[in-house]
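In: sequence below, structure please.
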Amino acid sequence: MRDQILVLGFDPSYAALIASRLRAEKIYCKILPGDTPVERLVAEEALGLVLAGGISGSEPLALDGQLLRTGMPVLALGDTAVAVAGLLGGQAGEARTINDVDTLTFLPSRITEDLGESERMFATVRPLGVSDDLEPLAELDGEVLGVMHKTLDIFALQCQLEQNDPDIMSLLLQFCLGVCGATRWWGEDAFISKARADIQAAVPEGNALCVMSGGLDSGVCALLAHRALGSRLQCVFVDTGLLREGEVDEFSAYYQNAGLNLRIIQAEERFLQALKGVRKQEEKRARVMDTLQSVLDETVGSMNFDLLIRSTSGSSLLSDTRDAQRHPHVNTDKPVLAPLAELFKEEIRAVGEALGMPSELTRMQSFPWTGLALRVVGECTKEKLDLLRRADALFGEEIRESGLAKRFWKYFAMLYEAPYQNREKAPVIALRAVTASHQGGDVRALPARLPWDLLERYTARMLSDYPGIAKIVYDLTPGDTLQQSEWQ
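Out: Take a look at the predicted model:
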């Protein structure tokens, strides 16, 4: 491994944002939890540390003062700045709530070259008092909001990287490149070479297994492993009968043409039987995942392999126990390798493009293991799935032909039932298209404004093909707030 910067995550959202922006600048950085033992940090032989804190005004309790004695340059952002200043003898005043935009003034330093004033959004801040070893780095309304050590490469600033933030991005780059001496070596080609070498080293002989979901992560993972192992890689894909229109055929055609040794397990009837009579969403989720787990256990149990290639992506720091519960696992005592474990979604897309994957695959919308089962509200039957498949495909077709696909985070259809014209139950199609609104380190899904003629055209097509549909509606409900690591 060549030079690297460590990002210590005291706030997962901001850690992800900082790491993704630095890697986009070809500076390699690794996210580690904020409570990582100092001995582990030293063993990483990193060129510098970025401490990623939140913006609540509360000092992180897990911050170990020993990390300031490692000799590595340190840049503390957000709430970690208060803790670092305190460890260096600076006194923090009472917390002051701002929740507004104000002007931060940068003072001359090795990391603030060419930076003067910056209009920034502030939540809660605590004015800092300097000690004999500290001097001001930045001020807000005459109060010190950032400090730096007079002789050591330790910097602390009570603000965080925001979306489209050239000032803090400039500060981060000057810290990594100028102070730490990092180089711009990271990129798709470097990752592919490293991943190939890691896979070959993990299974110098014998076979490897990769379970594919049909999504981007497992596709990139399989192509990486295929480059490293060739025919020694075995791939398994379960056709649940819950996928979108034409998806299984397109998936099979692409990856088999790419030379992968791909085995497709036909299990539609098994999933439909498991879902029979089930109406509650969480119970449907459990039935689908239990069935998928059983199918995989039976399939993998009869296969001979020496290494499992797992398509887990995203830093382990950002993993969510809910996600772990909603993904199937191959139960094996064989070694496991996750080549994409540190990558963010945009990085995986870039790797896919470098591997020659078409944009239809690298830019495909994320799709859950449960497929369309949870987009059918109520009991899930083959007839309903076929109707929803067509409704979803036509909606996607209209959006793509209107040139709007790249503007939206997600767009899809859902199927409900409602009383209509003396019928106890009649199908209702609900359309959903959302954009991603960034709020600090979090993201919120907001309903997109679709052209009226698009909705009219779609409605006419659906009613022409399926005159029994009771209603077609567009969902304008805002979505929940997600962490930066979840929405991609």
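In: what helix or strand is Gly277 located in?
Out: Assigned by DSSP states H and E, Gly277 belongs to no helix or strand.
In: isn't it right next to Gly378, touching?
Out: No: Gly277 is beyond contact range of Gly378, at 10.7 Å (criterion: CB atoms under 8 Å). Just so you know, the C-beta spots here come from the backbone N, C-alpha and C atoms, and that holds for glycine as well.
In: who's more crowded, these two?
Out: Under the criterion of other CB atoms under 10 Å, the comparison of Gly277 against Gly378 puts Gly378 first, with 15 against 8.
In: ok, the more buried one - contacts?
Out: Residues near Gly378 by CB atoms under 8 Å, 6 or more residues apart in numbering: 279, 416-417.
In: buried among the residues you listed? Make that a PyMOL selection.
Out: To isolate in PyMOL the members of these that are buried, counting by 16 or more other CB atoms under 10 Å, one can use:
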select buried, resi 416+417
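In: will you turn the contacts of Gly378 into TSV that also has pLDDT, secondary structure and distance to Gly468?
Out: Formatted as TSV, the contacts of Gly378 follow (pLDDT from 0 to 100; DSSP: H, G, I helix; E, B strand; the rest coil; distance: CB to CB, whole Å):
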residue	pLDDT	secondary structure	distance to Gly468
Arg279	95	coil	21
Tyr416	95	strand	14
Glu417	91	strand	12
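In: of the contacts of Gly378, which is the nearest to Ile55?
Out: Ranked by distance to Ile55 (CB to CB), the contacts of Gly378 are led by Tyr416 at 40.0 Å.
In: tell me the spacing between that closest one and Val288.
Out: 19 Å (CB to CB, to the nearest Å).
In: same check, this time on Arg40
Out: 38 Å.
In: mind checking which of those two has more residues around it?
Out: Between Arg40 and Val288, Val288 has the larger neighbour count (other CB under 10 Å), namely 25 against 11.
In: now that one. Nearest residue, chain neighbours left out?
Out: Excluding the flanking residues, the one nearest Val288 by CB to CB, 6 or more residues apart in numbering is Thr370, at 4.7 Å.
In: which residues are in contact with the one you found?
Out: Contacts here follow CB under 8 Å, 6+ apart; on that basis Thr370 touches 242, 284-285, 288-289, 326.
In: could you redo the last one with a cut-off of 10 Å?
Out: Counting by CB atoms under 10 Å, 6 or more residues apart in numbering, Thr370 makes contact with 240, 242, 271, 281, 284-289, 292, 326, 380.
In: quick check on the residues you listed: which are buried?
Out: Using 16+ other CB under 10 Å, the buried ones in the contacts of Thr370 are 240, 242, 271, 284-289, 292, 380.
In: just the helices in the stretch 1-150 of the chain please.
Out: 12-24, 38-43, 80-87 (DSSP state H, counting those that start in this stretch).
In: what about the longest one, average pLDDT?
Out: Taken as a whole, helix 12-24 has a mean pLDDT of 92.
In: now do stretch 291-310
Out: Mean predicted confidence for stretch 291-310 is 93.
In: that older thread, quick one: which of the contacts of Thr370 is nearest Leu177?
Out: For the contacts of Thr370, the nearest to Leu177 is Arg326 (39.9 Å; CB to CB).
In: any chance of CSV for the contacts of Thr370, columns distance to Val74?
Out: Below are the contacts of Thr370 laid out as CSV (distance: CB to CB, whole Å):
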residue, distance to Val74
Thr240, 49
Leu242, 49
Phe271, 52
Gln281, 46
Lys284, 49
Arg285, 44
Ala286, 46
Arg287, 50
Val288, 47
Met289, 43
Leu292, 45
Arg326, 37
Cys380, 53
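In: now these in CSV, with secondary structure?
Out: Below are the contacts of Thr370 laid out as CSV (DSSP: H, G, I helix; E, B strand; the rest coil):
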residue, secondary structure
Thr240, coil
Leu242, coil
Phe271, helix
Gln281, helix
Lys284, helix
Arg285, helix
Ala286, helix
Arg287, helix
Val288, helix
Met289, helix
Leu292, helix
Arg326, coil
Cys380, coil
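In: nearest to Glu424, of those?
Out: Taking CB to CB as the measure, Glu424 lies nearest Cys380 of the contacts of Thr370, at 18.4 Å.
In: in this structure Ser118 contacts Pro166, no?
Out: Yes: the pair Ser118 / Pro166 is scored as a contact, 9.0 Å apart, by CB atoms under 10 Å.
In: those two: who's more crowded?
Out: Under the neighbour definition other CB under 10 Å, Ser118 and Pro166 were set side by side, and Ser118 has more, 19 against 9.
In: any idea what that one is bridged to?
Out: Ser118 forms beta bridges with Leu104, as assigned by DSSP bridges.
In: OK, contacts around it?
Out: 102-106, 112, 138, 159, 165-168, 170-171.
In: cool, Asp114 as well?
Out: Here Asp114 is in contact with 106, 167, 170, 174 (CB under 10 Å, 6+ apart).
In: give me the nearest residue to Lys406, chain neighbours excluded.
Out: In this structure, Lys406 finds its nearest non-sequential neighbour in Arg363, 7.7 Å apart by CB to CB, 6+ apart.
In: tell me, how many neighbours does the one you found end up with?
Out: As a burial measure, Arg363 scores 14 neighbours (other CB under 10 Å).
In: any idea how far Phe395 is from it?
Out: Arg363 is 17 Å from Phe395, where distance means CB to CB.
In: repeat that for Asp189.
Out: 37 Å.
In: compare those two (neighbour count), which wins?
Out: Phe395 (24 against 10).
In: may I have the helix or strand harbouring the more buried one exported as PDB, CA atoms only?
Out: Taking DSSP H and E as the definition, one finds Phe395 inside helix 382-401. What follows is helix 382-401, C-alpha atoms only, in PDB (Å, rounded to 0.1, in the frame of the first residue of the first chain):
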ATOM      1  CA  LYS A 382     -47.800 -13.600  -9.700                       C
ATOM      2  CA  GLU A 383     -50.600 -11.600 -11.400                       C
ATOM      3  CA  LYS A 384     -49.900  -8.500  -9.300                       C
ATOM      4  CA  LEU A 385     -46.100  -8.900  -9.900                       C
ATOM      5  CA  ASP A 386     -46.600  -9.100 -13.600                       C
ATOM      6  CA  LEU A 387     -48.800  -5.900 -13.500                       C
ATOM      7  CA  LEU A 388     -46.300  -4.000 -11.400                       C
ATOM      8  CA  ARG A 389     -43.400  -5.200 -13.500                       C
ATOM      9  CA  ARG A 390     -45.100  -3.600 -16.600                       C
ATOM     10  CA  ALA A 391     -46.100  -0.500 -14.700                       C
ATOM     11  CA  ASP A 392     -42.600   0.000 -13.400                       C
ATOM     12  CA  ALA A 393     -41.000  -0.600 -16.900                       C
ATOM     13  CA  LEU A 394     -43.300   1.900 -18.600                       C
ATOM     14  CA  PHE A 395     -42.600   4.500 -16.000                       C
ATOM     15  CA  GLY A 396     -38.800   4.100 -16.400                       C
ATOM     16  CA  GLU A 397     -39.200   4.200 -20.200                       C
ATOM     17  CA  GLU A 398     -41.100   7.500 -20.100                       C
ATOM     18  CA  ILE A 399     -38.500   9.100 -17.700                       C
ATOM     19  CA  ARG A 400     -35.600   7.900 -19.800                       C
ATOM     20  CA  GLU A 401     -37.100   9.100 -23.100                       C
END
